[in-house]
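>>> A predicted structure for the sequence below; I have some questions about it.
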Number of protein chains: 4
Amino acid sequence: MSGRIRLGMVGGGQGAFIGAVHRIAARLDDRYELVAGAFSSDAARARASAAELHVAPDRAYASWQEMVAAEAARPDPVEAVSVVTPNHMHGEPAIAFLKAGIHVICDKPLCHTLAAAQEVERATLESRALFALTHNYTGYPMVRQARAMVAEGAIGALRVVQVEYPQEWLTTRLEESGQKQAAWRTDPARSGAAGSVGDIGTHAFNLVEFVTGRHVESVAADLTTFVPGRRLDDNAHMLLRLEGGARGMLWCSQVAPGNENALRLRVYGERGGLDWAQEQPNLLVHSPFGEAPRMIRRGGAGAMPAAAQATRIPSGHPEGYLEAFAQIYRDFAEEIVAAREGKAPDPARRLVPGIEEGMRGMRFIEAAVSSSQRDAGWVAIG
Amino acid sequence: MSGRIRLGMVGGGQGAFIGAVHRIAARLDDRYELVAGAFSSDAARARASAAELHVAPDRAYASWQEMVAAEAARPDPVEAVSVVTPNHMHGEPAIAFLKAGIHVICDKPLCHTLAAAQEVERATLESRALFALTHNYTGYPMVRQARAMVAEGAIGALRVVQVEYPQEWLTTRLEESGQKQAAWRTDPARSGAAGSVGDIGTHAFNLVEFVTGRHVESVAADLTTFVPGRRLDDNAHMLLRLEGGARGMLWCSQVAPGNENALRLRVYGERGGLDWAQEQPNLLVHSPFGEAPRMIRRGGAGAMPAAAQATRIPSGHPEGYLEAFAQIYRDFAEEIVAAREGKAPDPARRLVPGIEEGMRGMRFIEAAVSSSQRDAGWVAIG
Amino acid sequence: MSGRIRLGMVGGGQGAFIGAVHRIAARLDDRYELVAGAFSSDAARARASAAELHVAPDRAYASWQEMVAAEAARPDPVEAVSVVTPNHMHGEPAIAFLKAGIHVICDKPLCHTLAAAQEVERATLESRALFALTHNYTGYPMVRQARAMVAEGAIGALRVVQVEYPQEWLTTRLEESGQKQAAWRTDPARSGAAGSVGDIGTHAFNLVEFVTGRHVESVAADLTTFVPGRRLDDNAHMLLRLEGGARGMLWCSQVAPGNENALRLRVYGERGGLDWAQEQPNLLVHSPFGEAPRMIRRGGAGAMPAAAQATRIPSGHPEGYLEAFAQIYRDFAEEIVAAREGKAPDPARRLVPGIEEGMRGMRFIEAAVSSSQRDAGWVAIG
Amino acid sequence: MSGRIRLGMVGGGQGAFIGAVHRIAARLDDRYELVAGAFSSDAARARASAAELHVAPDRAYASWQEMVAAEAARPDPVEAVSVVTPNHMHGEPAIAFLKAGIHVICDKPLCHTLAAAQEVERATLESRALFALTHNYTGYPMVRQARAMVAEGAIGALRVVQVEYPQEWLTTRLEESGQKQAAWRTDPARSGAAGSVGDIGTHAFNLVEFVTGRHVESVAADLTTFVPGRRLDDNAHMLLRLEGGARGMLWCSQVAPGNENALRLRVYGERGGLDWAQEQPNLLVHSPFGEAPRMIRRGGAGAMPAAAQATRIPSGHPEGYLEAFAQIYRDFAEEIVAAREGKAPDPARRLVPGIEEGMRGMRFIEAAVSSSQRDAGWVAIG
């Protein structure tokens, strides 16, 4: 293994949630070194953040524009940059870094509008740099295992998909309290046309396509805003139709008391079923039809190479959210190292979510919003 | 307490499943005595069944027509009759016994067609006899508790309802194997226009209305038949809209490997959530927003009179399906005893599911089938 | 099947808990008819109980002495009698009925003293009547399954046994409140030399021997009375040594808040493990070493005839405590019917707990108390 | 915050398990930088490990003796060193580094013999450097929460403690297969006088004392070696007596199929109970007597500052074993930073397990082995 990858960050200054997660994820497997950042549009906070993060003062930038220019001019520029700003500020920095030949790791969803996303897509296709989108739940070992089992036919031809992602945190009008996370996530200008659908529905949608290996062709969606005064949906119910005839449901909610991040996916085929829940991520229940359900545990009997590749410690010692998030970084590190030698990832085998997954998510949001506007009529996903 | 209620049965001869369940349910609380029956259209089986069930030979009838005539002529006729035939044979005997002034306990769904159901409805309204429909899941103590908690405002104004009833037993074409239960349940002539929707979707629907105290106003339903050659739906996905603005989803399936009778209901309101699952029926999880979720157990701390009224033994000693089923019989026994003295049940406080619930179920089936035929467009429920 | 077995009852009048359980258990499978009883030493309560239970006034006796005399003189006497009094009143009526040739179903533990128990043992051995002890947890289908799996070698040679039965109900000095159950269960005169050990420890002990098919040879026991003023142990910790070299632990407690009747048994052998818990009784987890653990469900895939024989309804519809209790009655009914034709049960295949299990329990109590008095030194079990 | 702490490592070369865990733990919160190591007694492996770990070749030492000498002579020596060798090689390097004024983080158990441990104790007391022992389970937020709840009286006076740590991995004679972990852990020369008791029993014991804040005064232990040919115990059952009158049980096993690292602690007091399990570490069930049990989740309602201090991300996103392990490193980093300014940790408030916990563990091992040799007679713990 050669040296660590030089990493920069856009956003993620003091007080931000997801920036800290990205940094731990980058650090966990020791493949990256954070050396530069435009952590905040507030200059004092940017400097303070840099100091706290052991980033040299001369690489603590006041803006991403300044950062891309300065880094590109260095002999040892950042090789990759994490974009962890609110949704509406993903596109421009991502494009700028891609144009500078610097790999981009972008938080999801891709952008706040489909148009902005398409520009990122174009920039990605035109760049030799790589693009990763942190659909972090795909980094869980047992999600990888589920995907591998579906691919190898463990449940037979797919019939039914049930996915849900309920949360409780926006049960009241938290955005009025000054809570930053709530404020931007419920603001159309910063989040885009969807609330819960963009924030968590996209994760659920991505998980379905990742595990089943099939596209969702169309949705019939009923988006609701339950909390008075809120400007975006905080609950969505959807019917799904998938390639090949499978049917499904998707529920996402931010107003379901008792649920923290209760993402759960169940898939059923002609020969069996699989059940996985994010809050107990080390377990995958496999129910071959006609046999007793089996509890496959990360690293235990029945765990496949696809799971083993995404784990660090023996079974029974639970891994969690940060490890799954780190897996995206770890897999992307492999791609970056290969790219140094001119090797591009094979799209058919790529585990890292990229621009295609980002565009699928944007089209899903668009279709869901559009369907809901048509009283839950079916809308095809781009 | 006066003597036991004299009970008759239509259907339920040797080899039937639900007939035996009804008999245990009737017996469990010692409020009924089975004294007559038209157990089978096969005369030999009818006689053999009667002998096994300690029913006197002269009250083992060859048909329900014969039974109603003979019983009505006795000085000590049956006071109530359980109708446990396949769906298409519910209506005629139910009407005949109601006309004879004999109380009817009918298995669900009410009938195989809405027209047939309407005739039963008319007969019920014209009769002084009482009618009960065995939506047995409403007999579980913690379902009663959930209903009482919603009614008293424990979760605040209702927002979201998630109900599901997955099974696995029809994952393959079992009806071709000669299995009787599978054969009639997948046969439109005997079941009606819906398969999974009629057999288990109606239970899920009834549970929603029972617990929330609100009507489902309309459904957008996607019914599917996954098993080739099957004649009725074996999976259904639905969006729900309820009175008062709540939204929900209903999933029922007979092709979901790993699921036995995994009926589960979750309801969420402005102030909290409730979660109940049939396969662990002694537990109700209550999540007041902003507090740690509480595990309310049948008979334990937090259990209300509504639960206590429907239980027999201390908490920690699990009660199950038969006890819940028996609860319907026990509550109906109270009504029958009151009826002997001319007292009719108060519709507003009635716990026993009756003709109204039966008609709601039939209209739900009709709406679901109709919606699915219109590509999951919204259809109002009668 | 011939007619129902005529059943009598000693104890179990109004207000008693376990008497009602026995009656439901007897009734559930329709093999018994309650026709006589000495329900209470209080004459008025005895009469009232009889009326409520549909027992004819002339067979509602003021005492068991009167009952045994009168019944023995009838042409249609009770064939079996359930003894459901507190422990110190088990022995005398049991002996009297056995001497009268009437089968006895006795609640556990067998007696309040070993000496009293030995007299019942002698009476049983001298009688042609049968004796059953309601170690009801052995009636659960998945307990039967566990026993069958151990017997057929599914887990290999036995190594470790972990059994526990924690409750919470005596966390405070409930016996001072007038609660009848608490009063006699904490009274040495009525319960015997042990509190929690006699009341629930015996169940745990019996479960170990039933499932493993092996005797516990010796115990090292630490009995404690935590609640000030209480006269018997309310918590016990024990080390176990079994025939053949297996080791184990037994914990029973009545002062463990959060636990209702959390009886749980785990057994481990050279090739696998089994895990069963009374509060989720329809599930048995089987962990073959080197394979993913399997969730075997009552009636589902992997369930054996031993389980099927003890169940009534399809899997997924939970059975509970009353059904397990009824199973003891149902199996005993088979023995009684066979006894009518002179057939005695085969001790090697008998599922109904009998006098031998009763004596094992008494010797276990004696050994545990004795060990605790010797500061948890090892004491052999008879 | 000042710069990262310069960290060295003894042991933990390629192929080792626990060394990698320590490195991730040190890295996760960005408080340490690994700059030196004596990773292996095999020189080639030591060099290769250093290269892989980004350690400069001149600080990749062939032995800890060489390392301590060279580092002590540098202007920028390591400030702390992690000792992650097998048990019998903990003592000497720990003492050497302590004498050199370098903080030590030592894997558990402290040593392979009590005598060796006492030398480490002496060196610690004589050194101004700090000593930490990685009883990593105490780093879990909900373990911290449990400790805080017990301390503030949430369950009242302590009565009963149930702790267990079953594993399955040594069900067969894995040490014969060449598996390194199994080989040294079952070797008395490298592990000490106890097998399962030293490896995992010490964790269970430490957890009891950490959470309850009370010492275990004496044990009655039954140690067993089930796997033929094995030289150390692979299963142990113990009765416990604690200061203040509480009683308990401890079970540890390496031969319990189905269990991975199923460490679980339950404590019961006069007013309530607590239940925590390592494989679902984000949940603590609190059962106040007379109220419904509450599911307290890391970061959710009811979580206290003691838990919040030990967590990084919002509730619902599971943290696991690595985060808990990292917490020990993070807390120790605070102590190291304070030590730079001459501040010593307050023993009464210290969360980092240290030499006292190490000695307690050694005395526990000695007492358990001694008790077992006396046929499970009671033995006081030092």
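Arrived safely.
>>> contact residues of the stretch 151-300 of chain A facing chain D?
Along the stretch 151-300 of chain A, the residues adjacent to chain D under the rule CB under 8 Å from any CB of the partner chain are A:Gln167, A:Asn259, A:Glu260, A:Asn261, A:Ala262, A:Gln278, A:Glu279, A:Gln280, A:Pro281, A:Asn282, A:Arg297, A:Gly300. For every residue, glycine as well, the C-beta is placed using N, CA and C.
>>> now the fourth one: which helix or strand?
Secondary structure from DSSP states H and E places A:Asn261 outside every helix and strand.
>>> pLDDT wise, what is it at?
The per-residue pLDDT reported for A:Asn261 equals 97.
>>> now do the same contact list for it.
With contacts taken as CB atoms under 8 Å, 6 or more residues apart in numbering or on different chains, A:Asn261 has the following neighbours: A:Tyr165, A:Gln167, A:Gln278, A:Glu279, D:Pro314, D:Gly316, D:His317.
>>> go again with 10 Å.
For A:Asn261, the contact set (CB atoms under 10 Å, 6 or more residues apart in numbering or on different chains) comprises A:137, A:165-169, A:200, A:203, A:277-279, A:321, D:313-318.
>>> now do the phi/psi pair for the closest residue to A:Ser370 other than its chain neighbours.
Spatially, and ignoring its direct neighbours in sequence, A:Ser370 is nearest to A:Val379 (4.9 Å; CB to CB, 6 or more residues apart in numbering or on different chains). With angles defined as degrees, to the nearest 10, A:Val379 sits at phi -130, psi 130.
>>> equivalent analysis for A:Ala256, please.
For A:Ala256, the backbone dihedrals are phi -120, psi 90 (criterion: degrees, to the nearest 10).
>>> pretty sure it sits against A:His237.
No. Distance between A:Ala256 and A:His237: 11.8 Å, which falls outside the contact criterion (CB atoms under 10 Å).
>>> if we can go back for a sec, want to throw the residues of the stretch 151-300 of chain A next to chain D into TSV with secondary structure?
Below are those laid out as TSV (DSSP: H, G, I helix; E, B strand; the rest coil):
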residue	secondary structure
A:Gln167	coil
A:Asn259	coil
A:Glu260	coil
A:Asn261	coil
A:Ala262	coil
A:Gln278	coil
A:Glu279	coil
A:Gln280	coil
A:Pro281	coil
A:Asn282	coil
A:Arg297	strand
A:Gly300	coil
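>>> compare those residues and tell me which is most surrounded.
Scoring those on neighbours with other CB atoms under 10 Å in any protein chain shown, the highest-scoring entry is A:Asn282 at 28 neighbours.
>>> give me the neighbour count for the residue nearest to it when sequence neighbours are not counted.
Across the structure, with CB to CB, 6+ apart as the measure, the residue nearest A:Asn282 apart from its sequence neighbours is A:Arg298 (4.4 Å). A count of nearby residues for A:Arg298, using other CB under 10 Å, gives 27.
>>> please apply the same query to A:Tyr321.
Taking other CB under 10 Å as the definition, A:Tyr321 ends up with a neighbour count of 28.
>>> mind checking how far it is from D:Arg312?
9 Å (CB to CB, to the nearest Å).
>>> ok, and the closest non-adjacent residue to A:Gly316?
Counting by CB to CB, 6+ apart, the nearest residue to A:Gly316 once its immediate chain neighbours are dropped is D:Glu260, at 2.4 Å.
>>> which residues touch the one you found?
Counting by CB under 10 Å, 6+ apart, D:Glu260 makes contact with A:282, A:297-300, A:314-318, D:166-169, D:278-279.
>>> and which of the residues you listed is nearest to D:Tyr32?
Checking those against D:Tyr32 with CB to CB, the nearest one is A:His317 at 20.8 Å.
>>> now do the shared contacts for A:Tyr321 and D:Arg312.
In contact with both A:Tyr321 and D:Arg312: A:Val21, A:Ile24, D:Glu319, D:Glu323, using CB under 10 Å, 6+ apart.
>>> out of these, who's the most crowded?
Counting neighbours by other CB under 10 Å, the one among the shared contacts of A:Tyr321 and D:Arg312 with the most is D:Glu323, which has 30 neighbours.
>>> just give me how far whichever strand or helix holds A:Glu356 sits from the chain centre.
A:Glu356 is part of helix A:355-373, with elements assigned from DSSP H and E. Average the C-alpha atoms of helix A:355-373, do the same for its chain, and the two points are 14 Å apart (CA atoms, centre = their mean, to the nearest Å).
>>> what is the mean pLDDT for the next helix or strand after that helix?
Downstream of helix A:355-373, the first helix or strand assigned by DSSP H and E is strand A:379-380. Within the predicted structure, the mean pLDDT of strand A:379-380 is 98.
>>> identify the residues contacting strand A:379-380?
Contacts made with strand A:379-380 from outside it, assessed by CB under 10 Å, 6+ apart, are listed as A:216-221, A:241, A:363, A:366-373.
>>> at 6 Å what do you get?
By CB atoms under 6 Å, 6 or more residues apart in numbering or on different chains, the list of residues contacting strand A:379-380 from outside reads A:Ser218, A:Ala367, A:Ser370, A:Ser371.
>>> just stretch A:280-296 next, same as before
If you take CB under 6 Å, 6+ apart as the criterion, stretch A:280-296 is touched by A:140, A:142, A:145-146, A:271-276, A:297-298, A:302, A:318, B:171, B:257-258, C:292-296, C:301-302.
>>> neighbours of A:Pro57, just the number please.
A total of 8 residues lie near A:Pro57 under the criterion other CB under 10 Å.
>>> and what of the one 10 residues further on?
Other residues near A:Met67 come to 28 when the count uses other CB under 10 Å.
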